[in-house]
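> Based on what follows, work out the 3D shape:
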Amino acid sequence: MSEENLYTFENEAYRKTYWHTCSHVLAQAVKRLWPDTKLAIGPAIDNGFYYDLDSAEAFTQEDLEKIEAEMRKICKEKLKLERFELPREEAIRFMEEQGEPYKVELIQDLPEDAHISFYKQGEFTDLCAGPHLDSTGRIKGNAIKLTQCCGAYWRGDSSR
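Numbers count the residues shown, from 1 in each chain. Next up is the predicted model:
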């Protein structure tokens, strides 16, 4: 692949990295607007990205518009994404302090010898293996459009 095609949507690795970073921008926007929201997982998928969230209230179409606006703001802030690792117990403690029970559970499910990595962008930090773009400024804010919101059960368990 030529150098000029490395950073285009024709390159699947770049496309997935772009969308994965978008999922973190989505989570950051939601946490800014609704700080009590709990984060689960937010991967890139074949045709975009999503983030599973646990919120006291269901999100409305109006909420999606607010989230999109906040996502655009985060992109304009051009926040640097920084990767770091923590030892297992410190990672668990960090996520407990952040009030993120799903992240604690994910860490506890990792093998004992796993490298536990996080990505930080501005005030937002998330458990994540990556990779990510180097800055939220690389996301085109005018390309952000949240198309749907749906319910989910944590790990298929309707009681959670």
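> what sits up against stretch 104-123?
With contact meaning CB atoms under 8 Å, 6 or more residues apart in numbering, stretch 104-123 is reached by 24-25, 28, 41, 74, 77, 79-88, 91-92, 94-96, 125-130, 132, 136. Any C-beta I mention is one placed from the backbone N, CA and C, and that applies to glycine too.
> so how far is it from its chain's centroid?
13 Å (CA atoms, centre = their mean, to the nearest Å).
> Just the terminal-to-terminal distance for it.
Taking CA to CA, to the nearest Å, stretch 104-123 runs 19 Å from one end to the other.
> in that stretch, what counts as buried?
104, 106-107, 116, 118-121 (16 or more other CB atoms under 10 Å).
> So which of the contacts of stretch 104-123 sit within helices?
24-25, 28, 74, 88, 91-92, 94-96 (DSSP state H).
> quick one: contacts for the most centrally placed residue in the chain?
Nearest to the mean C-alpha position of the chain, counting by CA atoms, centre = their mean, stands residue 24 at 2.5 Å. Residue 24 makes contact with 42, 81, 119, 121, 124, 126, 128, 132, according to CB under 8 Å, 6+ apart.
> State the pair within those residues that is farthest apart.
42 and 81 (13.7 Å; CB to CB).
> What is the burial count for residue 44?
17 (other CB atoms under 10 Å).
> and it, how far is that from residue 69?
22 Å (CB to CB, to the nearest Å).
> ok, now residue 150?
Using CB to CB, residue 150 is found at 21 Å from residue 69.
> Which one of those two is surrounded by more residues?
The neighbour comparison of residue 150 against residue 69 (other CB under 10 Å) goes to residue 69, with 14 against 7.
> Quick check: which element contains that one?
Element membership for residue 69 (DSSP states H and E) is helix 61-76.
> for residue 117, same thing?
Here residue 117 is assigned to strand 116-121, by DSSP H and E.
> Direction included, what does that strand pair up with?
strand 81-86 (antiparallel), strand 124-127 (antiparallel) (DSSP bridges).
> Let's have those in TSV, adding distance to residue 19 and mean neighbour count.
Converted to TSV, the strands paired with strand 116-121 look like this (distance: least, CB to CB, whole Å; neighbours: other CB atoms under 10 Å):
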stretch	distance to residue 19	mean neighbour count
strand 81-86	14	14
strand 124-127	15	21
